[in-house]
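*Asks:* Structure for this input, please:
(one chain, ligands or ions: 1)
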Amino acid sequence: MNEALPQSAVVPASDYVIIGGTGDLALRKIFPALLLRYAAGQVTDDFRLFVVCRQVISPEEFKAKLEPHCQPTLSGLDDGAGLLNRLMGLVEFACIDMSKPMSMTGLAESLMAKADAERPVIFYLSIAPSLFSAACQRIHEAGLVLPQSRLVVEKPLGHDRASSQEINDELLSVFREDQIYRIDHYLGKETVQNLMALRFANVIFEALWNNRYIDNIQITVAETVGAGNRASYYDNYGAIRDMLQNHLLQLLCLVAMEPPARFNADQVRNEKKRVLEALRPVRPENVVLGQYQEYAHEVGVPTTTETYVALKVLIDNWRWAGVPFYIRTGKKLKTRASEIVITFKNRPHDIFAKDGITDEINEIPNRLIIRVQPHEGLRLLLTSKEPGPGGMRLFPSELNLSFGETFNERLPEAYERLLMDIARGNQTLFMRLDEVLAAWEFIDPLVDLATKRIPLMYREGSMGPADDLLTSTGRAWFDPKEDA
Ligand code: BG6
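*Replies:* Residues are numbered from 1 along each chain as shown. Coordinates of the predicted model:
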């Protein structure tokens, strides 16, 4: 076992069937994550990894495709090359045309040869949603919907509430809800889970975590990349559906939810859903849409798809009444950073004021900054006394907890955690259907608005065009530090 990797729970030996196993998601995310878990000893030699694809592919060809995506992983491990070879020993190939009835019978024989109630059979649909229904039918007719079978899907799960319901109905006509794992990879990120630890494993924040003490909350997910070679997908989707409907709303839920009674799938998801249901529909003046200047050129045709969205969101419940949540995400921004900034209200009275006038520095509020990525960690901004005699001079200081430095080890990739949770049958970090639909309910009017509005152009390398959303209230965006 590789010492540099975090210790982790035992996972039952499983059969992973990756449908679309030679596609981008499989090569970039799924296999590198499995490799890391193999290095950690969580994926054992008893696992089987089935690559299901349309075209025949030899193990050598597959390995050649996979290797570049594993390079960063391999270079950090003892005997990386040997490890990849050993992982390849677990891989089996099945060439299947999902549109052809009974095309999964060969695969079914291999799976059934080792079938046992303790051995999860995991079908990962790493294919376009238009093929989900056919794939489910193939699985069903091959007799592979066993009590221990699980189905994994990822967005885009529809383009609005109705189409999402339709896709999910197809999945649910074959699998039960408790067999379906809907991935939002943000939930697999270490700091996102740490947000729950911060809130529910400590007492000091909970008393302040409400509209009495919090002035506003900002959630920023900024990317430096553009739509790039995904432009044809992205242009039909836009930032609202690509990022806001899922990742940003999930972050918002974790910040805003009530403490669940237990940290389990049902209770965590019940609380997240309550937040989604309490979101007030956003007024058009509280929505800013942007598009980076080069975007239309990249797409090759004039387009009004938003590559940036910022909103002021209000949550209609006792805890959050009146506290604005400013959330924004965009591509080709100045820095790649995801951050949640909790800005507390200022002190009710300033005892340090001179002649009744508060020094500017004394007006800086306390802030808790949760850095989701990169350089994961927490910063608490405080005010302290400047050392030295001669009066009480205050200066901004900070408590800084860098997870990287504290744990002195690599933080696992989101997919590592999620893939192992699927094998362990733990749905806590996956989205339940009612949550997904509640998120669409909030998003549908925004998508509708976006079809009618021309986005504001923004410069690549800026932080987007939404400053005005806050300035009228005397607030400003708190931009992530580039070198944080
Ligand atoms: C994906 C989006 O879900 O998340 C991409 O489709 C985006 O457009 C990506 O780039 C961001 O993920 P991360 O983990 O790099 O922040």
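*Asks:* What distance do you get for Ala134 to Ala278?
*Replies:* Distance of Ala134 to Ala278, computed by Cβ to Cβ, to the nearest Å: 38 Å. Every residue, glycine included, has its C-beta placed from N, CA and C.
*Asks:* And Arg150, by the same measure?
*Replies:* Arg150 is 31 Å from Ala278, by Cβ to Cβ.
*Asks:* Looking at the two, which is more packed in?
*Replies:* Using other Cβ atoms under 10 Å as the criterion, Arg150 and Ala278 rank with Arg150 on top: 22 against 18.
*Asks:* from memory that one sits against Gln179, does it?
*Replies:* Yes - proximity of Arg150 to Gln179 meets the contact threshold set by Cβ atoms under 8 Å, at 5.2 Å.
*Asks:* Count the residues that sit near the spatially closest residue to Arg28 that is not a sequence neighbour.
*Replies:* Nearest non-adjacent residue to Arg28, counting by Cβ to Cβ, 6 or more residues apart in numbering: His69, 5.3 Å away. Neighbourhood size, His69 [other Cβ under 10 Å]: 17.
*Asks:* Kindly report the same for His349.
*Replies:* So His349, with other Cβ under 10 Å, has 7 neighbours.
*Asks:* Also Pro480?
*Replies:* 25.
*Asks:* surely it meets Ile340?
*Replies:* No - here Pro480 does not reach Ile340: they are 10.4 Å apart, not a contact under Cβ under 8 Å.
*Asks:* list residues touching both of those two?
*Replies:* Residues touching both Pro480 and Ile340 (Cβ atoms under 8 Å, 6 or more residues apart in numbering) are Thr220.
*Asks:* three-state assignment of the residue nearest to Arg28?
*Replies:* helix (DSSP: H, G, I helix; E, B strand; the rest coil).
*Asks:* what's the offset of the helix or strand of the chain with the lowest mean pLDDT from the middle of its chain?
*Replies:* None of the helices or strands of the chain scores lower by mean pLDDT, DSSP states H and E than helix 403-407, at a mean of 78. Relative to its chain's centre, helix 403-407 lies at 21 Å (Cα atoms, centre = their mean, to the nearest Å).
*Asks:* With stretch 157-170 instead?
*Replies:* The answer for stretch 157-170 is 20 Å, by Cα atoms, centre = their mean.
*Asks:* what residues does that stretch touch?
*Replies:* 129, 132-133, 136, 182, 236-237, 241, 433, 436-437, 440-441, 443-444, 447.
*Asks:* So which residues make contact with the least confident helix or strand of the chain?
*Replies:* Contacts for helix 403-407 (Cβ under 8 Å, 6+ apart): Pro6, Glu190, Thr191, Asn194, His375, Glu376, Gly377, Leu411.
*Asks:* What subset of those residues is buried?
*Replies:* Glu190, Thr191, Asn194, His375, Glu376, Gly377, Leu411 (16 or more other Cβ atoms under 10 Å).
*Asks:* element containing the third one, please.
*Replies:* Element membership of Asn194 [criterion: DSSP states H and E] is helix 190-200.
*Asks:* next one: the last one
*Replies:* Using DSSP H and E, no element contains Leu411; it sits outside every helix and strand.
*Asks:* which residues sit in contact with it?
*Replies:* Glu190, Glu376, Phe403, Gly404.
*Asks:* if we go to 6 Å?
*Replies:* Glu190 (Cβ atoms under 6 Å, 6 or more residues apart in numbering).
*Asks:* Tell me how far it lies from Leu87.
*Replies:* Where Leu87 is concerned, Leu411 sits at a distance of 21 Å (Cβ to Cβ).
*Asks:* Just confirm Asp15 contacts Val121, I think it does.
*Replies:* Yes - using Cβ atoms under 6 Å, Asp15 is in contact with Val121, at 4.8 Å.
*Asks:* Need the residues touching each of the two.
*Replies:* Leu111.
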